[in-house]
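1. following is a predicted model, sequence given first.
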Amino acid sequence: MPNPMEHLFASTSRLGTYAQTSYKQEAKTNTPSHSTNKAEPIHSWLSRQLPSIPHPQFVRPINFLKIGITVTAVLGFITFATVALPYILPVIQNRNLWAAISLIAVLLFTSGHMFNHIRKVPYVSGDGKGGVSYFAGGFQNQFGLETQIVAAMCEFCPRGKAHLPGTCANG
């Protein structure tokens with residue numbers, strides 16, 4: 001009965017540089033070079049090159065560091081939430097805060113904020129004479145600042161009484 005170690009040395013000497021080249025190519029295709037999973041390709045290569053001898057099963061050890069970091073992070077978050085909840089809960093349950101957030105969202109989206117995100121429009125543009133143009137000409141054009149100006153006019157000049165920017169009729 002041949003010695004398994006002799007078979008190992010004989011097969012590697014016969015393969016020579018071909019084995020090294022194929023392993024390098026396999027390592028490049030199977031795992032990235034910055035990866036820490038380098039044992040699996042070596043185990044599979046040895047299993048293919050030495051089919052006649054028994055191979056140990058590949059088992060990764062338990063990653064206690066990952067478990068420790070996860071448990072510490074979860075316990076830290078639970079502790080932070082428990083300590084901060086009496087201070088944060090009144091803010092979250094404040095009706096005026098939610099009314100203000102809702103009003104701002106409605107005004108922004110009504111004035112064309114989503115149009116700006118979808119179309120990726122510029123914030124302002126030059127007018128060609130060295131100045132800045134805040135309002136875009138045309139029917140399907142709009143600048144980013146124009147959205148904010150229209151939202152401010154809707155907020156501070158209610159009921160459609162905004163005749164010119166800066167002259168709001170209160171009432």
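-> The structure has been received and is ready for your questions. Bear in mind the structure is a predicted one, so any value in this text is a computation, not a measurement. Residues are numbered from 1 along each chain as shown.
2. please parse the protein into its domains.
-> 4-49, 62-93, 95-168 (automatic domain parsing).
3. in TSV, list those domains along with distance to residue 55 and mean pLDDT.
-> The way it works is simple: take the backbone N, C-alpha and C, and place the C-beta from them, glycine included. Formatted as TSV, those follow (distance: least, C-beta to C-beta, whole Å; pLDDT from 0 to 100):
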stretch	distance to residue 55	mean pLDDT
domain 4-49	5	60
domain 62-93	22	96
domain 95-168	56	79
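4. who wins for proximity to residue 56 among the ones you listed?
-> Nearest to residue 56, of all those, is domain 4-49, at 8.5 Å by C-beta to C-beta.
5. just to revisit the earlier point, can you put the domains of the chain in TSV and add mean neighbour count?
-> Listed next are the domains of the chain as TSV, based on neighbours: other C-beta atoms under 10 Å:
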stretch	mean neighbour count
domain 4-49	12
domain 62-93	10
domain 95-168	13
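6. same list (these) but as JSON lines, adding distance to residue 56.
-> JSON lines is the format used below for those (distance: least, C-beta to C-beta, whole Å):
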{"stretch": "domain 4-49", "distance to residue 56": "9"}
{"stretch": "domain 62-93", "distance to residue 56": "18"}
{"stretch": "domain 95-168", "distance to residue 56": "56"}
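7. against residue 114, how distant is residue 121?
-> Using C-beta to C-beta, to the nearest Å, residue 121 is found at 11 Å from residue 114.
8. again, but for residue 95
-> Relative to residue 114, and taking C-beta to C-beta, residue 95 is found at 26 Å.
9. how about the helices in the chain?
-> Taking DSSP state H as the criterion, the chain carries its helices at 4-15, 17-30, 39-49, 64-92, 95-110, 113-119, 144-156.
10. would a markdown table of those with distance to residue 127 be doable?
-> Listed next are those as a markdown table, based on distance: least, C-beta to C-beta, whole Å:
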| stretch | distance to residue 127 |
| --- | --- |
| helix 4-15 | 73 |
| helix 17-30 | 55 |
| helix 39-49 | 62 |
| helix 64-92 | 44 |
| helix 95-110 | 26 |
| helix 113-119 | 20 |
| helix 144-156 | 13 |
